[in-house]
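Colleague: got a predicted structure here, sequence first:
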Amino acid sequence: AVLVYLSFPDSRPRTTPAELAADYFPATSQFFERASYGRFTLRPHPQRDWIRMPHTSTSYAIKRDWNAARRGAYLRDAVAAADRQVDFSRYDIVYFVADPDAPGVDSDATKVVNLDTPIEADGKEIRRVVTVFEKHPPDRLVLAHETGHVFDLPDLYHRPTDGKGEWDTYVGDWDLMGSQFGLAPDLFGWHKWKLGWLETRQVACLREHGTTRLTLEPLGSGPVTGGA
């Protein structure tokens, strides 16, 4: 995965790319190492320098429910600006990390963007990008949550339409996709099975009536030989 750090003409960064890289790694890689029982390795390749965007941060109108046209312009500008230094063909995951102190950056806008029309760079079609607008330091495990979306894991929180109430009422503290602030923000067994981190023999699907003897162990203890 490549981490590209974006600065803007209307703000001088007060942090360095190295400081922002340390906000997310090695913590994010360690999360997936534990969650996958060593079956998935996330290798970060952070860029050493800021890459300057062609327009001010405020011109992109960055926010949570972002205008698609402006979001598309932001991503095209980011790829074009970074392409001089980054060989995108080398990477499976792209993180665009914006200057957290730029005036137009909204930390609530961090998300994975799926592109209906891919952006081509270095002979590769970029169909999915993680856009990071977090403060420094960021929310705990936020990049692990967003990386879960790269694997097509859904949000498991409830977003109140009136702006009130709890956001993580579906799964509480028990899955990262419900709350990265949870007391036990691992991934559900269903997600681990979907991602190939549990073997078929470790999951028992009961299709008929009757009595079955299974061994249940916590996911945190690692794969087991019985049913899970």
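Modeller: Sure thing, it's come through. Residues are numbered from 1 along each chain as shown.
Colleague: hey, let's count contacts and neighbours off CA atoms from now on
Modeller: Will do.
Colleague: next SSE after the biggest helix by length in the chain?
Modeller: The residue-count maximum for a helix in the chain (DSSP state H) belongs to helix 68-82. Following helix 68-82 in sequence order, the next helix or strand is strand 94-98 (DSSP states H and E).
Colleague: can you pull the buried residues of the helix or strand following that next one?
Modeller: Proceeding C-terminally, strand 94-98 gives way to strand 111-121 as the next helix or strand, assigned by DSSP H and E. By neighbour count with 16 or more other CA atoms under 10 Å, strand 111-121 contains the buried residues 111-113, 119, 121.
Colleague: need the contact partners of strand 111-121.
Modeller: By CA atoms under 8 Å, 6 or more residues apart in numbering, the residues outside strand 111-121 that reach it are 76, 79, 83, 87-89, 125-132, 146-147, 149-150.
Colleague: show me what contacts the residue nearest to the spatial centre of the chain?
Modeller: Centroid check for the chain by CA atoms, centre = their mean gives residue 146 as the closest residue, at 1.9 Å. Counting by CA under 8 Å, 6+ apart, residue 146 makes contact with 111-112, 130.
Colleague: distance of residue 122 from residue 82?
Modeller: Using CA to CA, to the nearest Å, we find residue 122 at a distance of 11 Å from residue 82.
Colleague: let me fix that, I meant to ask about residue 109.
Modeller: To residue 82, residue 109 is 21 Å away according to CA to CA.
Colleague: higher neighbour count, these two?
Modeller: Using other CA atoms under 10 Å, the more surrounded residue of residue 109 and residue 82 is residue 82, with 22 against 16.
Colleague: excluding covalently adjacent residues, which one is nearest to that one?
Modeller: Counting by CA to CA, 6 or more residues apart in numbering, residue 51 is the residue found nearest to residue 82 once chain neighbours are left out, at 6.4 Å.
Colleague: show me where this structure has strands.
Modeller: Assigned by DSSP state E, the strands in the chain fall at 2-7, 45-46, 51-52, 94-98, 111-121, 124-132.
Colleague: low pLDDT regions in the protein?
Modeller: Applying pLDDT under 70 to the chain flags the ranges 222-228.
Colleague: re the thing from before, need the buried ones from the contacts of strand 111-121 selected in PyMOL.
Modeller: Applying 16+ other CA under 10 Å to the contacts of strand 111-121 leaves a buried subset, and the PyMOL line that selects it is:
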select buried, resi 79+88+126+128+129+130+131+132+146+147+149+150
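Colleague: count the residues that sit near residue 5.
Modeller: There are 26 residues near residue 5, going by other CA under 10 Å.
Colleague: swap that for residue 161, please
Modeller: Using other CA under 10 Å, residue 161 is surrounded by 7 other residues.
Colleague: and it, how far is that from residue 16?
Modeller: 37 Å.
Colleague: over to residue 104?
Modeller: From residue 104 across to residue 16, the span is 18 Å (CA to CA).
Colleague: these two: which is more packed in?
Modeller: Neighbour count, other CA under 10 Å: between residue 104 and residue 16, residue 104 has more, with 21 against 13.
Colleague: list the residues that contact that one.
Modeller: Residue 104 is in contact with 56-62, counting by CA under 8 Å, 6+ apart.
Colleague: let's see 10 Å
Modeller: Going by CA atoms under 10 Å, 6 or more residues apart in numbering, residue 104 touches 8, 10-11, 56-63, 98, 133.
Colleague: what subset of those residues is buried?
Modeller: For the contacts of residue 104, a burial check counting by 16+ other CA under 10 Å picks out 8, 56-57, 60-63, 98, 133.
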